[in-house]
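Colleague: Task: produce atomic coordinates for the following.
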Amino acid sequence: MSSDNFGRYFVNAIVAGVLGRITAVIRTEIERAKQETAKKLKGIGAGVGLYVGAGVFGFFASGVLIAAAVLGLATVWPAWLAALTIGVALLLIVIILVLIGNALIKKNKDLTPHESIDNVKAVVGLK
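Modeller: Numbers count the residues shown, from 1 in each chain. Sure thing, here's the model as predicted:
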C-alpha cells in the first residue's frame, strides 16, 4: 500500500467519522425536538380543555345573569316588558358582533401571503 493510498484512506476515514458523528447528533436532536414538542402539545391540550370547561361555565353563568337582569327589571316594569327589553338588547349585541365578524372575514378572505411573496421576489430580484 503506497503512502498516497494510505493518506486517501485516512482522510476518507476521518471524513466518514465526522459525518457519522454529525448525523448521530442531528438524529439525537431531532428525537429530542419530537419529545419536547409532544410534551408541549400535551400542555396545550390541557390548556384548551380548561378553556372549554371555562366556556361551558361561562355559558351557564351568562344565562343566570340574563335571568337576573330580567328579574331585576321586572321589579320596575311588567315581566314581559323586562324580558323583551333584555332580549332586544341581546339581539342588538348579536347583530353588531355578526357585522364586525362579517367585515373581518371579507377583509381577510384572501389567504395569499402577499408580504412573503413580495419579500421573496425582492430577494430573488424579480421586483
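
Colleague: In which helix or strand does K34 reside?
Modeller: Per DSSP states H and E: K34 is located in helix 3-74.

Colleague: What helices and strands are in contact with the helix or strand following that helix?
Modeller: Heading C-terminal from helix 3-74, the first helix or strand you meet, by DSSP H and E, is helix 79-107. Judged by 3 or more Cβ pairs under 8 Å, 6 or more residues apart in numbering; DSSP states H and E, helix 79-107 is in contact with helix 3-74. (C-beta placed from N, C-alpha, C; glycine too.)

Colleague: between the helix it packs on and helix 79-107, how many degrees?
Modeller: 150 degrees (axes from the mean of the first three to the mean of the last three Cα atoms, to 10 degrees).

Colleague: I'd like to know how many residues surround A67.
Modeller: 12 (other Cβ atoms under 10 Å).

Colleague: Could you measure from the most centrally placed residue in the chain over to G7?
Modeller: Central residue of the chain (Cα atoms, centre = their mean): I44, 10.0 Å from the mean position. Going from I44 to G7 by Cβ to Cβ, to the nearest Å gives 55 Å.
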